[in-house]
Each structure stands twice: as structure tokens, then as C-alpha cells.
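Enquirer: any chance you can model this:
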Amino acid sequence: MSVVTGRRFRDARLAIGWSQRELGLRARVSQAAISRIERGQPSGLGLDEIERIAVALGGTLRITFETPFLADRARQRDSVHARCVAHVASRLRGLGWLVETEVEIDGRNGPGWIDILAFHAESGTLLVIEVKTEIHDFGRIQRTLAWYTRRAWLVARDRGWRVRRSHGALLLLATDAVDAPLRENRHLADEAFPGRAAALAELAADPARAAAPVERSLAMIDPLSRRHDWLRPTRLDGRRTRAPHEDYASVARRLVQSPRRRTQ
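Expert: Residues are numbered from 1 along each chain as shown. Reported below is the predicted structural model:
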């Protein structure tokens, strides 16, 4: 039991006007246990007993377990995301990059997984890529990629990669459903991801000759396509045509119906 929770129990008890002994009688626990809980010390009580104290005080006990990056890990295992990662990794390997996927890193809030970490030895360029099939929290995506980019230098060093410059990239599934929240978050997107598909494509194709990249870029991908221009612009870049897919579900259905088929 944390000190904060213990103080809340104490404040509620005092507001009601009960002594520790009276609360203990109503909750069927000892006065000594009540005292230890209110001081944030181990009480030896189980969750059932602690819940009885909360109910006696007229409250509700809620237990929250937060895993901010493990939630992303679970999404990485779905078929559409896996197809997107494999699609990007294959393209980069074909362009001469060393590529690793689902690279684990450590952080204060738990582990995280970089979807794609790519290194170009000749230019010393490191690409840190986050792949998203849907947008639920654009701000969080930005913060996560920024953290991954900072930590990626250490990961690269452990692999013996001599990094001279790094670049973060957010690659989004090319759907109308993704374009919509991008338009809603236009100002945040422009500020957080000043780089666009064309510049990122130049960097991927020839990082030794490409101009020094901005810190982060944004582009779309279609894992079912074999087009040469595999990094596609978003509606923010002035693209007027609809995305090749309606939403995540439409891509998932096509993978199920014909998992090995690729379209133009």
C-alpha cells in the first residue's frame, strides 16, 4: 500500500469522524493494520481486506496496472503490422541497409521495441522507424519515436555500428482512416515531422548523397504494393487522391483472402 493511498484512507476516516479502532471494527481488520496502512507501511492484509476498508469508508478500490510500451508490443504481433514491418525491412535491405526488426530497448517506464532499426555503413546513417497501422494518440506516437531515437544510439553502439547521424521516421499504413486524424493533427504533424515522403525516399535510396535529413519524417506505406515509389505522401503533402485502402480492416481482409498476392 502506497503512502498516497494510506493518506487518502486516513483523510476519509477523519472526514467521517471515525477512530482507527472503529474503522477496523467496521472493516473487520485490526486497528494496528489500519495504522500501518495509513502510514504507508506493509500491513499484511490481502486485497479482499483492503477492499473492505475502502467500502467501509464509502469508497471503491481500483487497481491500475500500466504498461505504456507493452501495449505497442501486443499490436506488433498482428498480421497487418507484421506485413508492414516485413515490407519496409525488405525494401531497405534491397537498398543496402543493415536491418533489424523489433529491437528491444530499456526505459524508466518499462521496455520498448523499435519496429525497424536500419544502418547504412558507408554514410554512418541510422534510421529509427516506427510503423503504425492506425492512429489513436498522435502525441504519444511522437513522444515514443523521440525516445526510441535517443536510445537507438546505444543500441547501435552495442552492435558495432559507427553512427554519424540518425533520423526518425513514422511510417503509416496507407488508408483513408489514417489520413483523417493526420488532417485533424496537421499543426502537430508539421511541427513533429517536418520531413516528408520524397526526402525520406532520397535518404533511403542514397544516404551518402542525400542532404542532411531533418530530425523526423512522415510517410505512408502500402504493404500489398510492389510499386517502385514505396514511400508515399500523406494528404498533408498535398496528395489529392484517396489512399489505396479504406482502413485497417480492409487490409486485414485482403491478407486473409489472398495472403501471398501483391497488387500494383
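
Enquirer: for E38, list the residues it contacts.
Expert: G6, R7, F9, R10, R13, Q20 (Cβ atoms under 8 Å, 6 or more residues apart in numbering). Every C-beta, even on glycine, is put in place using the N, C-alpha and C of the backbone.

Enquirer: restricted to buried residues, select the residues you listed in PyMOL.
Expert: Command for PyMOL that selects the buried part of the contacts of E38, burial taken from 16 or more other Cβ atoms under 10 Å:
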select buried, resi 6+9+10+13+20
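
Enquirer: among the contacts of E38, which one sits closest to R140?
Expert: R7 (30.2 Å; Cβ to Cβ).

Enquirer: give the helix, strand or coil label for the closest one.
Expert: Judged by DSSP: H, G, I helix; E, B strand; the rest coil, the three-state class of R7 is helix.

Enquirer: the one 4 residues further on now?
Expert: Judged by three-state DSSP, the three-state class of D11 is helix.

Enquirer: that one and G59, how far apart?
Expert: Separation of D11 from G59 (Cβ to Cβ, to the nearest Å): 11 Å.

Enquirer: low-confidence stretches in the stretch 1-150 of the chain?
Expert: Within the stretch 1-150 of the chain, the set of residues satisfying pLDDT under 70 comprises 1-4, 63-77, 109.

Enquirer: the strands in it, which residues?
Expert: Across the stretch 1-150 of the chain, reading from the start of the chain, the strands by DSSP state E, counting those that start in this stretch fall at 98-105, 112-120, 125-132.

Enquirer: okay, those strands, which one's buried deepest?
Expert: Each of the strands of the stretch 1-150 of the chain was given a mean neighbour count from mean count of other Cβ atoms under 10 Å, and the largest, a mean of 24, is that of strand 125-132.

Enquirer: mind giving me the packing neighbours of that one?
Expert: With contacts taken as 3 or more Cβ pairs under 8 Å, 6 or more residues apart in numbering; DSSP states H and E, strand 125-132 sits against helix 79-94, strand 112-120, helix 138-158, strand 165-173, helix 197-205.

Enquirer: reformat the ones you listed as CSV; add distance to D247.
Expert: Converted to CSV, the helices and strands packed on strand 125-132 look like this (distance: least, Cβ to Cβ, whole Å):
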stretch, distance to D247
helix 79-94, 11
strand 112-120, 20
helix 138-158, 17
strand 165-173, 9
helix 197-205, 20
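
Enquirer: which one is G139 nearest to, not counting chain neighbours?
Expert: Among residues not flanking G139 along the chain, L188 sits closest, at 6.8 Å (Cβ to Cβ, 6 or more residues apart in numbering).

Enquirer: ok, back up a step: what is the most widely separated pair among the contacts of E38?
Expert: The most widely separated members of those are R7 and Q20, with 13.8 Å between them, by Cβ to Cβ.

Enquirer: tell me how far E122 lies from V214.
Expert: Summarising the geometry, the distance separating E122 from V214, computed by Cβ to Cβ, is 21 Å.

Enquirer: those two - which one has more neighbours?
Expert: Neighbour count, other Cβ atoms under 10 Å: between E122 and V214, V214 has more, with 15 against 9.

Enquirer: was I right about that one contacting E191?
Expert: No: applying Cβ atoms under 8 Å as the test, V214 and E191 come out as separate, 11.3 Å apart.

Enquirer: in stretch 186-203, what counts as buried?
Expert: Using 16+ other Cβ under 10 Å as the burial criterion, the residues of stretch 186-203 that qualify are A189, A192, F193, G195, R196, A197, A199, L200, A201, L203.

Enquirer: residues contacting the closest residue to L45 other than its chain neighbours?
Expert: Setting aside the residues directly before and after it, L45 is nearest to A33 in space (Cβ to Cβ, 6+ apart), at 5.5 Å. For A33, the contact set (Cβ under 8 Å, 6+ apart) comprises G24, S43, G44, L45, E49.

Enquirer: repeat the analysis, applying 7 Å as the threshold.
Expert: Under the criterion of Cβ atoms under 7 Å, 6 or more residues apart in numbering, the neighbours of A33 are S43, G44, L45.
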